[in-house]
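> the sequence isn't on hand, but the structure is:
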């Protein structure tokens, strides 16, 4: 009877311990799998981060190269524009010089002076007033009556008030205004006319007086043959 009790007790103890051992084993196995997955996932994240870092570095290099290329292109364009401007300026000077040389070889027939003292060009202005247009019309009628092949040189002049560069520009604007009127109103060919500005360099009278300055603000139209 005592042996039977002992056997029953051992059997019960075995049955009680067996599930506990099985549960711990399952937990250890599950934890191991989780740890392995976490480790694998950690490596994957690190690899992804490294790829992202490398891609960002490559993108940065591409952006730097693109910025450098844009800068170089902009610099090249500015250089080309500057060279074009210089070429145009040289061309204008060459044309003006060529026209001046041609004019020097011609004979002066007559000239017309349009100045402020006769109610024409005003101080600081380049617009043609009616009096100036009337003087030009009279000159053209004379040319038509003469029927000669002529060359017209138009000189722009100013007084000495103000900056010399400004006066040179103003003198050219006055000369160009006369040239434009001759072309648009009387169909004088552009290649038969030459404009030049002397600014304040060739005064017709004394710049110290009001009347003298009025005479210096003028355009001289020379007709050559």
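Okay, I see it. Since the structure is predicted, the reported quantities are computational estimates derived from the model, not experimental observations.
> please parse this protein into its domains.
1-91, 106-224 (automatic domain parsing).
> next, format the ones you listed as a markdown table and append mean neighbour count and mean pLDDT.
The C-beta positions use only the backbone N, C-alpha and C, and glycine is treated the same way. As requested, the domains of the chain are arranged in a markdown table below (neighbours: other CB atoms under 10 Å; pLDDT from 0 to 100):
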| stretch | mean neighbour count | mean pLDDT |
| --- | --- | --- |
| domain 1-91 | 10 | 68 |
| domain 106-224 | 17 | 88 |
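> any idea how far the residue minimising distance to the centre of the chain is from residue 87?
With distances taken as CA atoms, centre = their mean, residue 78 lies nearest the centre of the chain, 7.8 Å away. Distance, residue 78 to residue 87, by CB to CB, to the nearest Å: 15 Å.
> cool, residue 156 as well?
25 Å.
> over to residue 216?
34 Å.
> ok, now residue 109?
Counting by CB to CB, the gap from residue 109 to residue 87 is 36 Å.
> same check on residue 184?
Taking CB to CB, one finds residue 184 at 29 Å from residue 87.
> for the residue nearest to the centre of the chain, grab phi and psi.
Torsion angles at residue 78 (phi, psi; degrees, to the nearest 10) stand at phi -60, psi -40.
> show me the contacts for residue 176.
Counting by CB atoms under 8 Å, 6 or more residues apart in numbering, residue 176 touches 126, 156, 195.
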